[in-house]
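Novice: Need a 3D model of the sequence below.
(2 chains)
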Amino acid sequence: MAVQESAAQLSMTLKVQEYPTLKVPYETLNKRFRAAQKNIDRETSHVTMVVAELEKTLSSCPAVDSVVSLLDGVVEKLSVLKRKAVESIQAEDESAKLCKRRIEHLKEHSSDQPAAASMWKRKRMDRMMVEHLLRCGYYNTAVKLARQSGIEDLVNIEMFLTAKEVEESLERRETATCLAWCHDNKSRLRKMKDLLDPARWRMLIQQFRYDNYRLHQLGNNSVFTLTLQAGLSAIKTPQCYKEDGSSKSPDCPVCSRSLNKLAQPLPMAHCANSRLVCKISGDVMNENNPPMMLPNGYVYGYNSLLSIRQDDKVVCPRTKEVFHFSQAEKVYIM
Amino acid sequence: MFEKEPQGAPQESLTLAPGPRAAGSRRPGPGAGAPQTPRAVEEPPLPGESLELRRPILERPAGSESEAAMEQCASVEREVDKVLQKFLTYGQHCEQSLEELLHHVGQLRAELASAALQGTPLSATLSLVMSQCCRKIKDTVQKLASDHKDIHSSVSRVGKAIDRNFDSEICGVVSDAVWDSREKQQQILQMAIVEHLYQQGMLSVAEELCQESTLNVDLDFKQPFLELNRILEALHEQDLGPALEWAVSHRQRLLELNSSLEFKLHRLHFIRLLAGGPEKQLEALSYARHFQPFARLHQREIQVMMGSLVYLRLGLEKSPYCHLLDNSHWAEICETFTRDACSLLGLSVESPLSVSFASGCVALPVLMNIKAVIEQRQCTGVWSHKDELPIEIELGMKCWYHSVFACPILRQQTSDSNPPIKLICGHVISRDALNKLINGGKLKCPYCPMEQNPADGKRIIF
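Specialist: As a prediction, this is how the structure comes out:
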């Protein structure tokens, strides 16, 4: 891989990129926990109620038959409690397991094996792209990419698809789905003190999208976009934008067609130290490949001049002037 | 550069971009209580110091960083594991207690429902038993409810661990809207993604994106990738035909690249014949004539293969040549083909988007740290170069695509208006630095005693 990332660097990046990866399934876990507690509380109170009724009857010398029918009621309520409890716990357990799976995946960033490490990096880029595509509204592409990359578990597709359903229903001027979403999330929405005014549709959709992102603590821009911007800046140099295009490099990502346009409004890389790259070979020029100046002022690596030398002459690739090999002078860069 | 630009920010002597060589003015102190704040350790170069000996801009102690790294994930994982354990225990306990209760109540009901007792009033004994049962039910279910409530703190600890170890807010290098305000940029980004997907061989995903974003990719661009992919898919099916066809038609250019793809393809075919056992011997022998043009370059390997024929009857797996049957050859041929094909197409194996994204993964935390330091020390005005990042990002030598010359004296990148100048002695400085060094019409090189005429300096181009 072209960019070197040490284990320490990888985990610094983890810290700034992966919050949504873990927080979103956590919020689901939280939600399911609360739902479970509600279910258990509700069914427990039902049981308590029928038992209280039974106790009351017992204190008034009842006939066996009436006790039996009350007991039936108790059995029924206990069974419902058992069923609901098991279902709720299963749901909570599922979301906790999802959290676990994601954390285990993140841990793999520090794998010793190079194949596993580069696979992890590839998946990282795919994960961020999926989220970016979801934000753009390209749901089918996102789902396809997630499937092909084998990362379906690791991306928050469901959250965005739920949002999509709400948005689409709002576009059809239907409030039911949106209201259901509000109800679903009402305890947290309440804390946010926001109100949705059903009269303003377009604004409503935007408001919903904004609230949904805020609810899940997502920012305005996808992690992918922000990462890409930082990366383009770190590579961008003035040579990528020389008017005559003479200093473009075939390997430089910022010199490539699409990225060149994208990187234009972004800041350039800051380079405090010199580094010289031979225009002929793309190799570094240093003490192993000293920079040599031809009489026309153009500088190339010694090794490259050797390789293009013919009959003791060299032709400058950029001006086509012909010089003697011996006319090349060494330059000293500090 | 950042969203908030405070008016009239105080000018501090603290600088983050390197200033003149005056000692002591260049180091930002570590932010208080921020363990990941980088220490910029930058020193003026010594004369003759090779570029390669330069230390990276940000130094970190190696061991403690990777420990802290693992701790991040481990911390959250610990809490998740605790929650999972609690759910397991609670679930089992819940089921068990309710089972017991149901069983107990069932028994009582059966007893009461027996024919002997029908229509009679409830006996005192049974009444007592029933009351006890009622109490037990109430206690059990109420405890179940409160036990579940107790798990809440463990659940919220997971959330807290995540909040503690991961940053909930991410900020950009530039203001949020820099790509929004030009809506074309969003389209160009989509195009870049499509190009990336084609290069990675994810053709159906690329197609889907084109459809969903109503982008049109011209066939000229797609065509080579479609062909590449077709050949790779065949290789994955162990069909060497398309690849060989391609290699033969691009033979000249592959030779210029010093590629041994064609030979390797023939070799793989030969090996596959060998794996077919003794019946394939004649076929293998006759196929060996394909090695003829490669005899000079790959003599040794050809010898190995011909030698293996001896063991055909015995079975290659049991011979010293068993390594020829390794499956890794197939994976390797795919890689070789991809690499050579990309070279011919003028593409790097990693798409530009991949490299830029990976570079961003390195740059982002560094930039966010610096931003935090700047804001903490309230010296936002210090970052004066709005069109340049405030700090150098180390990506490794493979990412040095363009020459950068930073004048060692003025510590600034040279440009068209301030180009690098070679002095007579061979040392290179920027023109601005040269002008500053002129004394009485003469110039003394800062690195060696040579005195010279300023006009003798020659502008160089890297």
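Novice: Looking from chain B, tell me which residue of the stretch 101-250 of chain A is nearest.
Specialist: Nearest to chain B, among the residues of the stretch 101-250 of chain A, is A:Gly231, at 2.7 Å (Cβ to the nearest Cβ). For glycine as for every other residue, the C-beta is placed from the backbone atoms N, C-alpha and C.
Novice: where does chain A dip in pLDDT?
Specialist: Counting by pLDDT under 70, the ranges of chain A that qualify are A:187-207, A:210, A:214-220.
Novice: Give me the most central residue, it.
Specialist: A:Met128 (3.4 Å; Cα atoms, centre = their mean).
Novice: from what I can see the residue of the stretch 101-250 of chain A closest to chain B touches B:Gly360, true?
Specialist: Yes - the criterion here is Cβ atoms under 8 Å, and A:Gly231 meets it with B:Gly360 at 2.7 Å.
Novice: check which helix or strand covers the residue of the stretch 101-250 of chain A closest to chain B.
Specialist: helix A:223-235 (DSSP states H and E).
Novice: Chain A contacts on the stretch 201-350 of chain B?
Specialist: Residues of the stretch 201-350 of chain B that fall close to chain A, judged by Cβ under 8 Å from any Cβ of the partner chain: B:Met202, B:Ser204, B:Val205, B:Glu208, B:Leu209, B:Gln211, B:Glu212, B:Ser213, B:Gly346, B:Ser348, B:Glu350.
Novice: Quick check: the farthest pair among these?
Specialist: Across those, the longest distance by Cβ to Cβ is 29.0 Å; it joins B:Glu212 and B:Gly346.
Novice: Low-confidence regions, the stretch 351-462 of chain B specifically.
Specialist: Judged against pLDDT under 70, the low-scoring parts of the stretch 351-462 of chain B cover residues B:379-386.
Novice: ok and the residue in it nearest chain A?
Specialist: Closest contact between the stretch 351-462 of chain B and chain A, by Cβ to the nearest Cβ, is at B:Gly360 (2.7 Å).
Novice: Select only the buried ones of the residues of the stretch 201-350 of chain B next to chain A in PyMOL?
Specialist: Here is the PyMOL command that selects the buried residues among those (16 or more other Cβ atoms under 10 Å in any protein chain shown):
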select buried, chain B and resi 202+205+208+209+212+213+348+350
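Novice: For the closest residue in space to A:Phe323 that isn't next to it in sequence, which residues are in contact?
Specialist: Of all residues not flanking A:Phe323 in the chain, A:Leu294 sits nearest, at 5.3 Å (Cβ to Cβ, 6 or more residues apart in numbering or on different chains). With contact set as Cβ atoms under 8 Å, 6 or more residues apart in numbering or on different chains, A:Leu294 has these partners: A:Tyr300, A:Val314, A:Cys316, A:Glu321, A:Phe323, A:Gln327, A:Ala328.
Novice: For those, which PyMOL command selects only the ones that are buried?
Specialist: Selection of buried members from the contacts of A:Leu294 for PyMOL, criterion 16+ other Cβ under 10 Å:
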select buried, chain A and resi 300+314+316+323+328
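Novice: Secondary structure and distance to B:His93 added to the contacts of A:Leu294, as TSV?
Specialist: What follows is the contacts of A:Leu294, written out as TSV (DSSP: H, G, I helix; E, B strand; the rest coil; distance: Cβ to Cβ, whole Å):
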residue	secondary structure	distance to B:His93
A:Tyr300	strand	77
A:Val314	strand	84
A:Cys316	coil	83
A:Glu321	coil	88
A:Phe323	strand	88
A:Gln327	helix	89
A:Ala328	coil	84
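Novice: Among the contacts of A:Leu294, pick out the one closest to chain B, please.
Specialist: Using Cβ to the nearest Cβ, these come closest to chain B at A:Tyr300, 8.9 Å.
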